[in-house]
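need a 3D model of the following:
(chains A and B)
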Amino acid sequence: MHESLILEKRRTQKAEWVLRLPSILYISLMILIPLIVIVQDGFREGISELIHQIRLPIAKHAIVLTLWTSALMTVINAVMGLITAYVFVRFEFPGKRLLNAIVDLPLAIPTLVTGVMLVMLYGPQQTLGRFLSETLGIGVIFAPPGIVIALLFISFPFVVRSIQPVLQDLDQTQERAAATLGASSWQTFWRVVFPALVLPMLNGSLLSFSRAVGEFGSVVVVAGNIPLRTQTAAVYTLGAVESQNRLGASAVSVLLISISFFVLIITNAIQKKMGAK
Amino acid sequence: MDQGKKGFGAWLLILLVVLYMGFLIVAPIVSLIQGAFQEGLSPVFRSLSSAALFQALALSLKIALGVVLIQLIFGTMLAWVIVRQDFWGKSLLNGLLDIPFAISPVVVGYMLLLLFGRNGILFPLLERFGIRIAFAVPGMFIATLFVSLPFMIREMIPVIENLDRQQEYAATTLGANQWAIFWRIIFPQIRTALVYGMTLTLARALGEFGAVLVIGGGVQGRTETTTLFIFRSLDERRFTEAYTASILLGAFSVTIVYLADAIKRRQKKKEEIKDLQASLSFKS
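Residues are numbered from 1 along each chain as shown, chains lettered A, B, ... in the order given. Below you'll find the predicted structure:
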């Protein structure tokens, strides 16, 4: 009996490799090798050349523009995502189900199509676009505000969908206790509810930031490709590839990959902490 | 706690959310539809009969369906390996899976160029065998595989974690082989998730733009997918064609994702009813 168990175990161990080996090969070929190749290419001429490439005026402007538009989007998205999740979980109102279904639309719509839509709405020939530029002096299309709006559109679901399940499962006894003890609803929110939502909010915000830093389809249509004005890092990379500027393309790519990695490591830690709770 | 009596603040928040989502998400969608039909129906139908659009749609579908098939096999396999097996390097494997979510599609295309392009590492090898990957459909296929890789796996992992293992043990004891166990016991439990994962993968694959632009070059009639067709139409100021193709692509993706969502929700409800019935019969 004992021996047959050991034999059985050995056989299943062998059987496990039938699935394990192709899985490891697939991920190595698809993800690991391309990553190694591009990082190696970025450091081909040494780290000082990589830094030099990143600090060239056009590249630097593209990177700075990408970072600040993404950061601004992340702050707006965090606040609006929190409010939206709160309203969906805690209030009943007509049209809520429809609105809740709309939250996921940006995930289903190809981002290039998002760009086309925004040009249709805010373009200089459109009613709203003309109103904004002529009356208020705000240019949206081919300008940074357009980039921020595009990024807000594509990353809207991240914060909402990160907070919603946590808020749903939140035990309301503490809130009732706080209310009984005479706390205002504002105090209850900040002292009791908000602390429980900080981690999911951070998680969703960081995911949307990382998504925004690499965004291409919507941004290239909305912002165009004007160096030193509206060119983002991803669009810069495309230009560098097309003009055979291999050093520039690899350097900016390595920077973008590093940012994504950094954010991924933090969000993984946050998710682990959330799971432990 | 706020049911029934809602204060002024609650209505203010609701109004804020409705306005925000209305402006951010609904208004752009409406304006695209409005814009496409600005000059009536006939320009839209004329764009629909364009040969270039037809070719682009066919290529998009061909790539996307192939990608879904491969992702179905490898995604399920990877999810299984990650949930059921333990081995050295598993957490690295698990960490690598999310990278396609985070990397810019332009960088994805460029990575593949560094491998398969004219100055790429593998180019001499490919040339000897006369295989063309960069600026050709195979390269676009690989790029689409890369960007859509996590969807199937992330959809399958929780479902495989929740599988009822008692049934598997029982079947093994009764002498069923692996094949029978998979098709009779596991497959019925993961079917809905498979459909959902495939749909998400399909939508992502059809909408891919940056990566296929860089690796494929977007040559009309050869490496032009629907997104590349839209981009070129915008560039050449053939706006109605761009809008029509955008609506077509957007509406298709949204429809399949929401259909799959409906299937998933129905399945969930069924399971809840089943659980309830089981617990009731247990009590009586």
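
and the residue nearest to residue B:160 when sequence neighbours are not counted, what's its pLDDT?
What sits nearest to residue B:160 in space, not counting adjacent residues and going by C-beta to C-beta, 6 or more residues apart in numbering or on different chains, is residue B:83, at 4.4 Å. The way it works is simple: take the backbone N, C-alpha and C, and place the C-beta from them, glycine included. Predicted confidence (pLDDT) for residue B:83: 94.

could you report the neighbour count for residue B:83?
15 (other C-beta atoms under 10 Å in any protein chain shown).

what about it, distance to residue A:32?
Residue B:83 sits 21 Å away from residue A:32, going by C-beta to C-beta, to the nearest Å.

equivalent analysis for residue B:90, please.
According to C-beta to C-beta, residue B:90 and residue A:32 sit 14 Å apart.

the residue nearest to residue B:160 contacts residue B:161, doesn't it?
Yes. Counting by C-beta atoms under 8 Å, residue B:161 is a contact partner of residue B:83 at 5.3 Å.

and the residue nearest to the spatial centre of chain A, what is it in contact with?
The residue lying closest to the centre of chain A (C-alpha atoms, centre = their mean) is residue A:208, at 2.3 Å. For residue A:208, the contact set (C-beta atoms under 8 Å, 6 or more residues apart in numbering or on different chains) comprises A:73-74, A:77, A:151, A:155, A:158-159.

ok, which pair from these is furthest apart?
Based on C-beta to C-beta, the longest span within these runs between A:151 and A:159 and measures 12.6 Å.

distance of the residue nearest to residue B:160 from residue A:242?
Distance from residue B:83 to residue A:242, by C-beta to C-beta: 43 Å.

tell me how many other residues surround residue A:14.
9.

host element of it?
helix A:2-27 (DSSP states H and E).

buried set for whatever helix or strand comes next after that helix?
Sequence order places helix A:33-42 as the next helix or strand after helix A:2-27, per DSSP H and E. By neighbour count with 16 or more other C-beta atoms under 10 Å in any protein chain shown, helix A:33-42 contains the buried residues A:34-35, A:37-39, A:41-42.

residues touching whichever residue of the stretch 51-200 of chain B sits closest to chain A, list them.
Closest to chain A within the stretch 51-200 of chain B is residue B:104: 2.9 Å, counting by C-beta to the nearest C-beta. Contacts for residue B:104 (C-beta under 8 Å, 6+ apart) come out as A:213-216, A:233-234, A:237, A:253, A:256, A:260, B:210.

which strands and helices sit next to the helix or strand where the residue nearest to residue B:160 lies?
Using DSSP H and E, residue B:83 maps to helix B:51-84. Where contact means 3 or more C-beta pairs under 8 Å, 6 or more residues apart in numbering or on different chains; DSSP states H and E, helix B:51-84 is packed against helix A:2-27, helix B:90-96, helix B:137-147, helix B:149-161, helix B:187-207, helix B:226-235, helix B:239-283.

now those helices in TSV, with mean pLDDT?
Output for the helices and strands packed on helix B:51-84, formatted as TSV (pLDDT from 0 to 100):
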stretch	mean pLDDT
helix A:2-27	79
helix B:90-96	88
helix B:137-147	96
helix B:149-161	94
helix B:187-207	94
helix B:226-235	95
helix B:239-283	87
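
for chain A, what are the nearby residues on the stretch 151-284 of chain B?
Neighbours of chain A within the stretch 151-284 of chain B, by C-beta under 8 Å from any C-beta of the partner chain: B:178, B:203, B:206-210, B:213-214, B:227, B:230-231, B:234, B:242-243, B:246, B:249-250, B:253-254, B:257-258, B:261.

which residues of the stretch 1-150 of chain A fall in helices?
Applying DSSP state H, counting those that start in this stretch to the stretch 1-150 of chain A gives helices spanning A:2-27, A:33-42, A:47-55, A:57-90, A:96-102, A:105-108, A:111-122, A:127-131, A:144-169.

between the longest one and helix A:47-55, how many degrees?
Right, helix A:57-90. 70 degrees (axes from the mean of the first three to the mean of the last three C-alpha atoms, to 10 degrees).

per-domain residue ranges of the chain.
In the absence of a named chain, chain A is used. Using automatic domain parsing, the domain parsing of chain A gives A:1-42, A:47-276.

not quite, go with chain B.
Following automatic domain parsing, chain B resolves into domains at B:9-38, B:51-283.

of these, which stretch is the most buried?
Among these, domain B:51-283 has the highest mean neighbour count (mean count of other C-beta atoms under 10 Å in any protein chain shown), at a mean of 18.

and that domain, how far from the chain's centre?
With C-alpha atoms, centre = their mean, to the nearest Å as the basis, domain B:51-283 stands 5 Å off its chain's centre.

distance-wise, check the residue of the stretch 51-200 of chain B closest to chain A relative to residue A:261.
Taken as C-beta to C-beta, the span from residue B:104 to residue A:261 is 13 Å.

now do residue A:51
Residue A:51 sits at a distance of 18 Å from residue A:261 (criterion: C-beta to C-beta).

so the two - more neighbours on which side?
Higher neighbour count among residue A:51 and residue A:261: residue A:261, with 16 against 11, using other C-beta under 10 Å.
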